[in-house]
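> Quick one: sequence plus predicted model below, questions after.
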Amino acid sequence: MNASTSATPRQRKPRSKAQRGVRLCIKPDGTSPGVVRLTVGTVSADYFLTELPADFGRGFKVEKVGMECQESAYHVHIDGDTRSCECKGFLHHGHCKHADGLAALVAVGWL
């Protein structure tokens, strides 16, 4: 290659975001937990869902269903457009499937 020619930079296609979905399978009732299914792309996971008392907004605990799950329970707080979760995704990115999914269910009135 001589000095006058330069290689053109390789153009990459932007990566599309995986589709996310949430489905309330069993609504929590008093002390009995409900079940919510969270889907990211083609991977779905079911979570036990328990509503917790909160000073403001709504509080929830989500626990992944299954024997192979390594993570513990996460606490999610929804207050209007403000949401938080204790999972690594939320701590790293500022949003996660748990908080976004539960906020969507609260917004449509299913929780």
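Perfect, thanks for sending it. Residues are numbered from 1 along each chain as shown.
> make it CA atoms for all contacts and neighbour counts henceforth
Noted.
> Can you show me the helices along the protein?
In the chain, the segments counted as helices under DSSP state H are 88-93, 97-107.
> Now mean neighbour count and mean pLDDT too, for those, in CSV please.
Converted to CSV, these look like this (neighbours: other CA atoms under 10 Å; pLDDT from 0 to 100):
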stretch, mean neighbour count, mean pLDDT
helix 88-93, 12, 92
helix 97-107, 19, 94
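> was I right about Ala45 contacting Leu38?
Yes - with contact defined as CA atoms under 8 Å, Ala45 counts as touching Leu38 (5.5 Å).
> what about the two, which has more around it?
A direct count of neighbours by other CA atoms under 10 Å for Ala45 and Leu38 places Leu38 higher, at 20 against 14.
> which residues touch the closest residue to that one other than its chain neighbours?
Of all residues not flanking Leu38 in the chain, Val22 sits nearest, at 4.7 Å (CA to CA, 6 or more residues apart in numbering). For Val22, the contacting residues are 36-39, 101-102, 104-105, by CA atoms under 8 Å, 6 or more residues apart in numbering.
> Good, wrapping up.
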